[in-house]
Structures are given as structure tokens and as C-alpha cells.
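S.K.: Build me a model:
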Amino acid sequence: MRSLDKVITEKKERPIKVVQFGEGNFLRAFVDYMIDIANEKTDFNGDIVLIKPIEFGSLESFHKQECQYTVSLRGNVDGQAAVLNRKVSSVADAVDSYTEYEKYIGLAEIETLRFVVSNTTEAGIVFDDTDQFDLNPPKTFPGKLTKFLYHRFETFNGDMSKGLIMLPVELIDDNGIMLKKCVMQLIELWGLSKEFKTWVEEACIFTATLVDRIVTGYPRATEAEEWEKLGYEDRIMVTGEPFALWVIESDKDISKELPLDKAMADMPGMDVVFTDNHKPYKQRKVRILNGAHTSFVLAAYLAGKDIVRDSMQDDDIRNFMLKTIYEEVIPTLSLPEEELKAFAGEVVNRFNNPYVDHSLLAISLNSVSKWRARCMPSFLGYVEKMGKLPDHLTFSMATLMAFYTGTEIRGKALIGHRDGQEYNIMDDMAVLEFFRDNCEKETGAFVTAFLGNEEFFGQDLNKVSGLTDAVTTYLDDIKENGMRAALCKIS
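M.R.: Numbering: from 1, shown residues only. Modelled structure (predicted):
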């Protein structure tokens, strides 16, 4: 069978506008996919060059297919299960920054270049004072970027119109701010000129971004079947969900140069937002999407479910989750209510994706710290705003304690039991030891110790009026009657 190539995609040659540090599944199913649509639907007219920023790995599969690949989106679209395949032709080339250094650094000389995208993992945006300018390339991503920018600065004699716009999508807070900080530290460390520092400050833009899409990667188990359906061989195809959100924060408006919002305007469940403050959108994602997961998955598991989708088919669990989101989380958020409800609707739609088997036990990892980060702000915000306890978020605390009940640590897991079967509770060892040592106490004492653990919550939650008694009542109900019966009463 013939491999996918530029002939099959009918690729048009376009100016290089984007260099992308990272060639992984997420970037190709998210950023490069969106730019491909922008090329089709707007006047963006720009291609991407992928840069392999690490020493190991190979670009052989990319070159064999001339950097053409398929994105296959699978999920619910307009209420129906759908598979949406697209041949992506926005990538012009892929370059190894180590074995093809001259070609790589030469990309900085391209007149039309305007954007730098990166996804070098959360550990990629770090300042390393042992990195060296004389290395070809420097060993860290900020080092590579700094030298790349310096080469561009020199090539164009400091022309202020030749600055670049950085679009990092690494999953850290204020990713663009942190990246710029690293670049500035390296400029100082390496003794680069004040003129270059000014050029970076004034000619370049470092955006902070928030991204959201589940990318499930290469369909290895069904590749032959996939190729048969496509009519060609594609060894770098990537699968994901239809939903996508990209929030881009910058001081200057870059939406005219990067018209992704217009390109996505008629794409169901896909949204690009340009803003001067991405934090309300991050808060929305963390509290609604992640908070929903954390608040219901432990109850769902103890009620007999194993994956998210099956949980959503259960009326008791689904109703519990919906009441948590719409009645207790959304009232504490600052974005317009209609926007929040629309996002919540997409969350429910994503949880029902028939193509994704999302394990409840996988989501349960580190649930104590997750509850603090994802649920506690909504819980405390509700108490402050309404002057009473939120029933469902309070119940979720009791379900966490029930799930974490176990007296044996085996290896790195606390052993819990569901219907006579063991399951592994995974968390920091100090957390597991706390539950091992406290879970057999009288319920009130157990709850008081849990809520009062400031290592878990940063404060003593026993001071929240009525909380200790409420959690104790819920946990006793779970112990005596089982999770299903307790859940029925609250949902």
C-alpha cells in the first residue's frame, strides 16, 4: 500500500511562518491541525517546520511521508458518534536540531518566519546555568530558543519588524512568562548585548497559553484496519477527540496575524480565544472539567464503575456530577454564566466519548492533592457566597475518605477493597500512611484528623461551620449502606 505523501494531500507550497519545537502527537493533532484549517479557510497562508529538540529519536517516518499525516478525531459531534479524518498538509519539513544543526539554525534566517510553537514537556521550560551558548545546539529548550533568536537578531541587524511570537503550550502556569524569564536569564548569563536584550523585549512577544484536547495517539492496535479505510499507509497518523480549546494571552493583539479563531468559527466544539488574561479560562477548566472528574470518580468506582463513559450512563452518578457542576461550581466562577454552561455541556459530551475508555483508577491517582487544587476553591467559594455547605462537594470529601480506606501498604500502594476485590490507591507515601493509620478510628475522629491535616489542605477545614459533622454523617452512611445507597440519597 502506498504511503501518504504530498501528492496524495495535494500539498501547496507556502511561506514558512512557524517553527515548532516538538514533533509529538499533541502538537500535530492540535496546533498543526488548526493551522492546516487556517490555511484552507483564511488568508494565513503559512507552513510549519518541525524541530526535533532532543538527541534521541528519529524523523525517518516524517521524511518517508514528506511530513504529511492524518488526524482522526473521534467522539460525539452534534449528539452523534463520529469519526472525522483530515489529511494535514501544513507541515513542510522536519529538522533534527542536533544532526542537522546548520539547517536548523538557518531557519532563523527565513524572512517570513513569525511564530515559535513549543511543547517540550513541563520540564522543558527551565533555566540551567550550566547551559552554554557555544554548544550547537545548547542543551535546554530556552538555550536553543535564545541562540535561535540571537541568530535572527544578527541576521537582520536588529530589525524590529523581524521579532517572533512565542506560543508555548507546555502545561505549566504562565508558560510564556516563564519562558521569557529563562531567555532573559540566559542573555545575562551569556553576556549577550544590550541591543539584543532590547530587541527580545520590544520586538518579540511571549504569550501565555492554555490548551485542552485529549489526544490518544497512534492507533497501533488497529493500524492495518485504519490504512484500509484511508486507502493509504500512514505511520504517523494521530487520533484524538473533536473538542479543542486554545486560549492565547498576550499584551498585543495577534489575532489578525494568527486568525485561528476565525478558522475554527464553524468547527463544532473547537474554540480559539485571544485575551489579555487567560486565568479565568484556566480556572474554568480546572474547576469544571478537572473538578468534575475529582468529585465523582471515586464514588463512581465504589459504586461499581470502571471507566468514565459507563459512569455517565448511570443516572445516579450523572445526576450527582451535573448538580456538582451546575449548582455548586459554576456559581463560584467569574466568566459569563452562559459561557460556563456551554463549556460544562462540552465537558459532559467529552465524558460520553464512545471512543475513549478513561479509567477511573487512572484518574484517582493523587486524589488528595487533586481535591485541594480542583475542588477546594469551589467548595470554599460556595461557602463564602452562599453561607452554607455545598452538599455534593461535601459528599465528595466523604467519598474520598471511603475510597482511601485501607490498612495495608504493599509496595507503593495502599490496598483498598471493592466488593471483595483489591484495588491500588496511589498517592504520596505520607498520604497513604495517614489513611492506613487513621481509617479504622471512630468515624468522627477519622474525619477530624483528615479535615485538620494542614499538609493536605493548607488549613484546618474543621473550622468551616458544620463541615466535620456533615462529612461524618455522609461517611457513616457510606460505611453502613454502601456507596450506591448513599449516592442515591444525594443525587
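
S.K.: show me where the stretch 151-300 of the chain has strands.
M.R.: If DSSP state E, counting those that start in this stretch is used as the criterion, the strands of the stretch 151-300 of the chain fall at 165-168, 205-206, 208-212, 215-217, 238-240, 244-249, 270-275.

S.K.: Show me the one of the ones you listed that comes nearest Lys285.
M.R.: If you check each of these against Lys285 by C-beta to C-beta, strand 208-212 wins as the nearest, at 5.9 Å. Bear in mind the C-beta positions are built from the backbone N, C-alpha and C, glycine included.

S.K.: quick one: the closest one to strand 244-249, angle?
M.R.: What separates the directions of strand 208-212 and strand 244-249 is an angle of 170 degrees, with axes from the mean of the first three to the mean of the last three C-alpha atoms, to 10 degrees.

S.K.: What sits closest to Val88 if chain neighbours are left out?
M.R.: Here the nearest residue to Val88 in space, its sequence neighbours aside, is Asp36; by C-beta to C-beta, 6 or more residues apart in numbering that works out to 4.6 Å.

S.K.: so how many other residues sit close to that neighbour?
M.R.: Applying the criterion other C-beta atoms under 10 Å, we find 23 residues in the vicinity of Asp36.

S.K.: same check, this time on Arg14
M.R.: Arg14 has 16 nearby residues by other C-beta under 10 Å.

S.K.: go on, Gly304?
M.R.: A count of neighbours around Gly304, defined by other C-beta under 10 Å, yields 15.

S.K.: Which pLDDT value goes with it?
M.R.: At Gly304 the predicted local confidence, pLDDT, stands at 98.

S.K.: quick one: contacts for it?
M.R.: Gly304 makes contact with Arg418, Asp419, Arg484, according to C-beta atoms under 8 Å, 6 or more residues apart in numbering.

S.K.: Whichever strand or helix holds Val116 pairs with which strands, parallel or anti?
M.R.: For Val116, the enclosing helix or strand under DSSP states H and E is strand 115-118. Using DSSP bridges, the neighbouring strands of strand 115-118 in the sheet come out as strand 16-21 (parallel), strand 165-168 (parallel).

S.K.: Off-centre distance for it?
M.R.: 17 Å (C-alpha atoms, centre = their mean, to the nearest Å).

S.K.: Using PDB, write out every CA atom in it.
M.R.: Provided in PDB are the C-alpha atoms of strand 115-118 (Å, rounded to 0.1, in the frame of the first residue of the first chain):
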ATOM      1  CA  PHE A 115       5.800  32.200  15.200                       C
ATOM      2  CA  VAL A 116       7.600  29.800  17.500                       C
ATOM      3  CA  VAL A 117       5.500  26.900  18.900                       C
ATOM      4  CA  SER A 118       6.800  24.600  21.600                       C
END
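
S.K.: so for it, what's the average pLDDT?
M.R.: Strand 115-118 shows a mean pLDDT of 98.

S.K.: Could you tell me how many residues sit around Met426?
M.R.: The criterion is other C-beta under 10 Å. On that basis, Met426 has 16 neighbouring residues.

S.K.: before we move on, what about Glu327?
M.R.: Glu327 has 15 neighbouring residues, counting by other C-beta under 10 Å.

S.K.: sorry, back to before: show me the contacts of Gly304 that map onto strands.
M.R.: If you go by DSSP state E, those have Arg418 in strands.

S.K.: who touches the residue nearest to Val88 in this structure?
M.R.: Arg86, Val88, Ser89, Ser90.

S.K.: Export the residues you listed as a markdown table, with columns for neighbour count and secondary structure.
M.R.: Putting the contacts of Asp36 into a markdown table (neighbours: other C-beta atoms under 10 Å; DSSP: H, G, I helix; E, B strand; the rest coil) gives the following:
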| residue | neighbour count | secondary structure |
| --- | --- | --- |
| Arg86 | 16 | strand |
| Val88 | 26 | strand |
| Ser89 | 23 | coil |
| Ser90 | 27 | coil |
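
S.K.: Pick the most deeply packed of the strands paired with strand 115-118.
M.R.: strand 165-168 (a mean of 25; mean count of other C-beta atoms under 10 Å).

S.K.: Give me the distance from the host helix or strand of Ile317 to the chain's centre.
M.R.: For Ile317, the host element (DSSP H and E) is helix 315-323. The offset between the C-alpha centroid of helix 315-323 and the centroid of the whole chain comes to 24 Å, using C-alpha atoms, centre = their mean.

S.K.: which secondary structure elements does that helix contact?
M.R.: For helix 315-323, the elements it packs on are helix 291-302, helix 308-312, helix 337-351, helix 391-403, helix 483-490, judged by 3 or more C-beta pairs under 8 Å, 6 or more residues apart in numbering; DSSP states H and E.

S.K.: Please spell out which residues along the last one are buried.
M.R.: By neighbour count, with 16 or more other C-beta atoms under 10 Å as the criterion, the buried positions of helix 483-490 are Met483, Ala486, Leu487, Ile490.

S.K.: Tell me which of the residues you listed has the lowest pLDDT.
M.R.: pLDDT across the buried residues of helix 483-490 is at its lowest for Ile490, which sits at 93.

S.K.: Please report the distance of that residue from Met483.
M.R.: 11 Å (C-beta to C-beta, to the nearest Å).

S.K.: before we move on, the earlier item: which of the strands of the stretch 151-300 of the chain sits closest to Asp131?
M.R.: Put simply, out of the strands of the stretch 151-300 of the chain the one that sits nearest Asp131 is strand 165-168, at 17.6 Å, with distance taken as C-beta to C-beta.

S.K.: Distance-wise, check Leu167 relative to Asn175.
M.R.: Counting by C-beta to C-beta, the gap between Leu167 and Asn175 amounts to 9 Å.

S.K.: tell me, what's touching the two both at once?
M.R.: A shared contact of Leu167 and Asn175, defined by C-beta under 8 Å, 6+ apart, is any residue touching both; here these are Thr209.

S.K.: returning to that earlier point: touching the helix holding Ile317 from outside, list them.
M.R.: Contacts to helix 315-323, defined as C-beta under 8 Å, 6+ apart, come from residues 292, 295-296, 299-300, 303, 305, 311-312, 348, 351, 392, 395, 484, 487-488, 490-491.

S.K.: Which residue, other than its chain neighbours, is closest to the spatially most central residue of the chain?
M.R.: For the chain, the residue nearest the mean C-alpha position is Asp212 (4.9 Å; C-alpha atoms, centre = their mean). The spatial neighbour of Asp212 that comes closest, neighbours along the chain excluded (C-beta to C-beta, 6+ apart), is Leu245 at 4.2 Å.

S.K.: So the one you found sits against Met267, correct?
M.R.: No - under the contact definition of C-beta atoms under 8 Å, Leu245 does not touch Met267, with a separation of 11.6 Å.

S.K.: which one of those two has more residues nearby?
M.R.: Higher neighbour count among Leu245 and Met267: Leu245, with 21 against 17, using other C-beta under 10 Å.

S.K.: For that one, list the residues it contacts.
M.R.: Leu210, Val211, Asp212, Arg213, Met270, Asp271, Val272, Val273, Tyr281, Lys285.

S.K.: Would you mind putting those residues into CSV with pLDDT and distance to Ser118 alongside?
M.R.: Compiled in CSV, the contacts of Leu245 are given as follows (pLDDT from 0 to 100; distance: C-beta to C-beta, whole Å):
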residue, pLDDT, distance to Ser118
Leu210, 97, 15
Val211, 97, 12
Asp212, 97, 17
Arg213, 96, 17
Met270, 94, 21
Asp271, 96, 21
Val272, 98, 18
Val273, 97, 20
Tyr281, 97, 20
Lys285, 96, 20
